[in-house]
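>>> what's the 3D shape of this:
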Amino acid sequence: MKYRNPFLLLTSLATAVALSTCAIAESAKGVHDTGHCPLTDVIKPLGSEQYATGRDQLRRMSERGVRFSGQVLSVVDLWSPSLSGNVPAATVSPKLDSMFLSELETCAEAGVVGANTLLGTVALVDRSLTKRNASEYFQASSQAKDPLAIAGRAIVLARARNWVAADREWNLALAIGRGVDEYFVGYQYASGQFMSRDYKQAALWFLKADENDDWRAARVLSFMYTTGLGVLKDQAEAERYRKRAEANGSPTEDEGGDEITAETKPHSRQE
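This is a model prediction of the structure:
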């Protein structure tokens, strides 16, 4: 039997994740603005009021061949589900141009918040590509209250299984908002994008999201109770959350979501 994959709700999650990313370029303008950032034009779209607008702008820039716009988009997409298949985007490092990374480092050294957040994201996936570790980049960005950078710090702490400190960072990011919500946090634990999957932690955050009537969380919880991921199998609970998802606006199965089988094995990454 096949189930719709609740961890790859591409459109809704990409929008939610991206709203958090929209803060990085806006914050960049006034933070230690010394030196020259050669990537200002391709980072700027991420400061759009609506992330979808900035994302579309970056895509159009990439289609027109605007220098390094596609590279920026590929890094941002690491926070989103993969657009092909069941493997999260971050399980494979994007092909990043060495000149792009060099110029991104220049922007980070100039104090550009967006550059620090992007480099922190790259460092989470492949430390060998960056001069510093993820924590250092995210620390620089989080001082400007960039919620995505604070989320990055939470991931670093969660990798070390420091749940108390990680929860503190998650809550700081949630307080700022801009697209970082409880579902976003649950997704980070469930997807295996930046750390080994932890379905128990994911379930805790999805339950919090469901308390806010988030249909995505209810849909995921229905799947988790059906398959026993992070919770005990409970068909009654699975059905209850399925109905909650529908009541709170879940699209029909034909409107989105990749298929996986009930036997799909959890993906884990080497830390």
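
>>> Grab the most central residue of the chain for me.
Centrality entry for the chain: nearest residue to the mean C-alpha point is Trp79, 2.7 Å, by C-alpha atoms, centre = their mean.

>>> That one contacts Gln193, correct?
Yes. The criterion here is C-beta atoms under 8 Å, and Trp79 meets it with Gln193 at 7.4 Å. All C-beta atoms are positioned from the backbone trio N, CA, C, and that covers glycine.

>>> Only alpha carbons, please: show stretch 192-210 as CSV.
The C-alpha coordinates for stretch 192-210 follow below in CSV (Å, rounded to 0.1, in the frame of the first residue of the first chain):
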residue,chain,number,x,y,z
GLY,A,192,17.2,14.2,7.6
GLN,A,193,18.3,17.3,5.6
PHE,A,194,20.9,18.6,8.0
MET,A,195,21.0,15.9,10.7
SER,A,196,20.1,12.3,11.3
ARG,A,197,16.3,11.8,11.4
ASP,A,198,14.7,11.8,14.8
TYR,A,199,11.0,11.0,14.4
LYS,A,200,10.3,11.3,18.1
GLN,A,201,11.5,14.9,18.2
ALA,A,202,9.6,15.5,15.0
ALA,A,203,6.4,14.2,16.4
LEU,A,204,6.7,16.6,19.4
TRP,A,205,7.0,19.6,17.1
PHE,A,206,4.2,18.4,14.8
LEU,A,207,1.9,18.1,17.8
LYS,A,208,2.7,21.7,18.7
ALA,A,209,2.0,22.7,15.1
ASP,A,210,-1.3,20.9,15.2
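
>>> For the stretch 1-150 of the chain, which residues score under the pLDDT cut-off?
Low-confidence segments of the stretch 1-150 of the chain (pLDDT under 70): 1-35, 46-53, 80-93.

>>> where do the strands sit along it?
In the stretch 1-150 of the chain, the segments counted as strands under DSSP state E, counting those that start in this stretch are 2-4.

>>> And the stretch 151-271 of the chain, by the same measure?
Counting by DSSP E, counting those that start in this stretch, the strands of the stretch 151-271 of the chain are 259-261.

>>> what number of residues lie near Gln235?
For Gln235, the neighbour count with other C-beta atoms under 10 Å is 9.

>>> correct me, but it touches Tyr225?
Yes. The criterion here is C-beta under 8 Å, and Gln235 meets it with Tyr225 at 7.3 Å.

>>> Check the gap between the residue located most distally from the centre of the chain and Phe206 for me.
In the chain, the residue that sits farthest from the middle, by C-alpha atoms, centre = their mean, is Ala236; the gap is 30.9 Å. Distance, Ala236 to Phe206, by C-beta to C-beta, to the nearest Å: 18 Å.

>>> Give me the spatial nearest neighbour of Thr130, chain neighbours excluded.
Counting by C-beta to C-beta, 6 or more residues apart in numbering, Ala123 is the residue found nearest to Thr130 once chain neighbours are left out, at 4.4 Å.
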